[in-house]
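S.K.: Below: sequence and its predicted model.
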Amino acid sequence: MLKRILILDDNLDVLDVLKEALSYEKFDVEITSNSQNIIDIAKTWQPNLLILDYKLTGPNGDDICRKIKSHPQLFDIPVIICSAYLNDYDLLSCGCDAVIAKPFGLDELMDKVNGLVYCN
């Protein structure tokens, strides 16, 4: 069974690139640009990893991460936050498992994804 990755970003071009790259690496990928229903999608789809953009329309990625990490069904799902705005220390305080600074390369992304999906 393929490992599932749920990605939230409000930039559709970023979503398309990430979906294509991760699908090529044999992950089952679900994408959304709607931060309002991300908890419901995660509960229904049961991903092995979440990738959240930090700066979103609506709640930011760190707020969403806190909700995920405090949710009884979702708390153990690893979360990566992608950001061009804050340093790692600021974002790690929300409970995320990794931070990737934008812009990032696909090799860096795959290293973080594989480290969290296959080691947790």
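M.R.: Yes, it's here.

S.K.: contacts for stretch 113-120?
M.R.: 3, 5, 22, 25, 27, 48-49, 51, 76, 78, 80, 97-98 (CB atoms under 8 Å, 6 or more residues apart in numbering). C-beta coordinates here come from the backbone N, C-alpha and C atoms, glycine included.

S.K.: from the chain's centre, how far out does it sit?
M.R.: 13 Å (CA atoms, centre = their mean, to the nearest Å).

S.K.: re earlier: buried ones among the contacts of stretch 113-120?
M.R.: Buried subset of the contacts of stretch 113-120 (neighbour count, 16 or more other CB atoms under 10 Å): 3, 5, 22, 27, 48, 49, 51, 78, 80, 97, 98.

S.K.: Could you dump those residues into a markdown table with secondary structure added?
M.R.: Shown next, in a markdown table, are the buried ones among the contacts of stretch 113-120 (DSSP: H, G, I helix; E, B strand; the rest coil):
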| residue | secondary structure |
| --- | --- |
| 3 | coil |
| 5 | strand |
| 22 | helix |
| 27 | coil |
| 48 | coil |
| 49 | strand |
| 51 | strand |
| 78 | coil |
| 80 | strand |
| 97 | coil |
| 98 | strand |
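
S.K.: Quick one: classify the residue lying closest to residue 73 once chain neighbours are set aside as helix, strand or coil.
M.R.: In space, and not counting its chain neighbours, residue 73 is closest to residue 43: 5.7 Å by CB to CB, 6 or more residues apart in numbering. The assignment at residue 43 comes out as helix when based on three-state DSSP.
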